[in-house]
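# Coordinates for the following, if possible.
(one chain, ligands or ions: 1)
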Amino acid sequence: MARWFGAAAAALAALVMTLSGSMADEKGPAAKDVMKAVAGKTGFCAKCAGAVKAANWAEAQDYAKKMADCGVALTKAPCPKGDAKSWETLTKRFCEQTAAVNKAAQAKDGEAFGAALKTFTGSCKTCHDAHKK
Ligand code: HEC
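Model (predicted):
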């Protein structure tokens, strides 16, 4: 368990480092790894929202950029379950939504940030219902 976790953490670190570049291999990252990086209490999304709440824009911008990178990464992740065409559509949407969050953070626009985040967090279930194992 501990070893598995270590390996996952290392994979995640590698993922985060390669996301923004074109270094991700052709197969792309696993959807699961992208989800782990973005979601949860310690994910980029929560950290980014927390930083905005604290009016720490520099930190928020850093995490928002990482979210956008994850958005790009998910479009390269192989479809784990369900219809491939739907996966393409929904991952593209996920990518656009993380980009919108990032754009608002870079502009230090709290209102736009809140709206973008709401759209983003409202889209989780549709994709999970269709593609989560
Ligand atoms: C475009 C599709 C898509 C969207 C949108 C999406 N997810 Fe996921 N998510 C997945 C898939 C697919 C899995 C299952 C990956 C697997 O197990 O192979 C998953 C798994 C997860 C997991 C479990 C990760 C683990 O440790 O196994 C969490 C947590 C999660 N998603 C959170 C979220 C949250 C929060 C959102 C919305 C902000 C979201 N997801 C939006 C596709 C998506």
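# wouldn't residue 48 be in contact with residue 56 here?
No. The criterion here is Cβ atoms under 8 Å, and residue 48 misses it with residue 56 at 10.1 Å. (C-beta placed from N, C-alpha, C; glycine too.)
# out of the two, which sits in the more crowded spot?
residue 48 (26 against 13; other Cβ atoms under 10 Å).
# contacting residues for the more buried one?
60, 63, 64, 66, 67, 101, 105 (Cβ atoms under 8 Å, 6 or more residues apart in numbering).
# And for residue 51?
Residue 51 sits in contact with 57, 59, 60, 63, where contact means Cβ under 8 Å, 6+ apart.
# is any part of the longest helix along the chain close to the ligand?
Longest helix in the chain, counting residues (DSSP state H): helix 84-106. Yes. Using Cβ under 6 Å from any ligand atom, helix 84-106 reaches the ligand at 90, 91, 94.
# separation between the first one and residue 123?
Spelled out, that is residue 90. As judged by Cβ to Cβ, to the nearest Å, residue 90 and residue 123 stand 8 Å apart.
# quick one, which of these two is more surrounded?
Shown here are residue 90 and residue 123; by other Cβ under 10 Å, residue 90 has more neighbours (21 against 14).
# most neighbours, which of the contacts of residue 51?
Going by other Cβ under 10 Å, residue 60 tops those with 26 neighbours.
# element containing the closest residue to it other than its chain neighbours, please.
Setting aside the residues directly before and after it, residue 60 is nearest to residue 51 in space (Cβ to Cβ, 6 or more residues apart in numbering), at 3.8 Å. Counting by DSSP states H and E, the element that carries residue 51 is helix 44-53.
# chain center to that helix: distance?
Distance of helix 44-53 from its chain centroid, counting by Cα atoms, centre = their mean, to the nearest Å, is 13 Å.
# So which bits of it are buried?
44, 45, 47, 48, 49, 51, 52 (16 or more other Cβ atoms under 10 Å).
# distance between stretch 120-133 and the chain's centre?
On Cα atoms, centre = their mean, the centre of stretch 120-133 falls 13 Å from that of its chain.
# Fine by me, thanks again.
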